[in-house]
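Chemist: Provided below are the primary sequence and the corresponding predicted coordinates.
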Amino acid sequence: MIRKLTADDRELYIGMAQEFYHSDAVLAPIPRSYIEKTVDEALRSDAYAEIYLFEYEGKAAGYGLTAKTFSQEAGGAVWWVEEVYIREEFRSKGLGREFFARLEEIKGEAVTRLRLEVEADNTRAVSLYERLGYKVLEYVQMIKDY
């Protein structure tokens, strides 16, 4: 089951996000305070971020995090699938596919693109995303952190 995060889920989400940021799926861990800012923003409003919890047989199985922006190139709103984390024991049970199906259901006409990043060596995730119709965007991404 996929459901939106509630205030009662705050610590559960923080724990799973810390698991994610100490896994091979990311380049480096982030401070807990960053995770707290994200969850507090998602609980405050869904204007910028939304968090969905994944449950399997009544157990916390993972989460999905989306961030929202607007793109002239895409001609509308873009939802970034910032993170998809499924705990090891719940992988290959259809939760990732269910999450993306849910996004497709709720996105509405204003959302013209779903976008995500994935580590190239995460072949399991890459394979799922390709089966769902995602393709590689030939841009080099650059950042400047403050």
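Modeler: Perfect, thanks for sending it. Numbers count the residues shown, from 1 in each chain.
Chemist: any idea how far S71 lies from E105?
Modeler: The gap separating S71 from E105 is 21 Å, by C-beta to C-beta, to the nearest Å. For every residue, glycine as well, the C-beta is placed using N, CA and C.
Chemist: of those two, which one has the most company?
Modeler: Taking neighbours as other C-beta atoms under 10 Å, S71 and E105 compare with S71 leading, 12 against 8.
Chemist: helices and strands of this protein: which one has the lowest mean pLDDT?
Modeler: Of all helical and strand segments in the chain, the minimum by mean pLDDT, DSSP states H and E falls on helix 123-131, at a mean of 92.
Chemist: mind checking how far that one is from the chain centre?
Modeler: Its chain's C-alpha centre and that of helix 123-131 lie 15 Å apart, by C-alpha atoms, centre = their mean, to the nearest Å.
Chemist: mind listing the strands for this protein?
Modeler: 2-4, 49-56, 59-71, 76-86, 111-116 (DSSP state E).
Chemist: most tightly surrounded among those strands?
Modeler: Burial of the strands of the chain is given as mean neighbour count (mean count of other C-beta atoms under 10 Å); strand 49-56 ranks first at a mean of 20.
Chemist: what angle separates the least confident helix or strand of the chain from strand 76-86?
Modeler: Taking axes from the mean of the first three to the mean of the last three C-alpha atoms, to 10 degrees, one finds helix 123-131 and strand 76-86 inclined to each other by 140 degrees.
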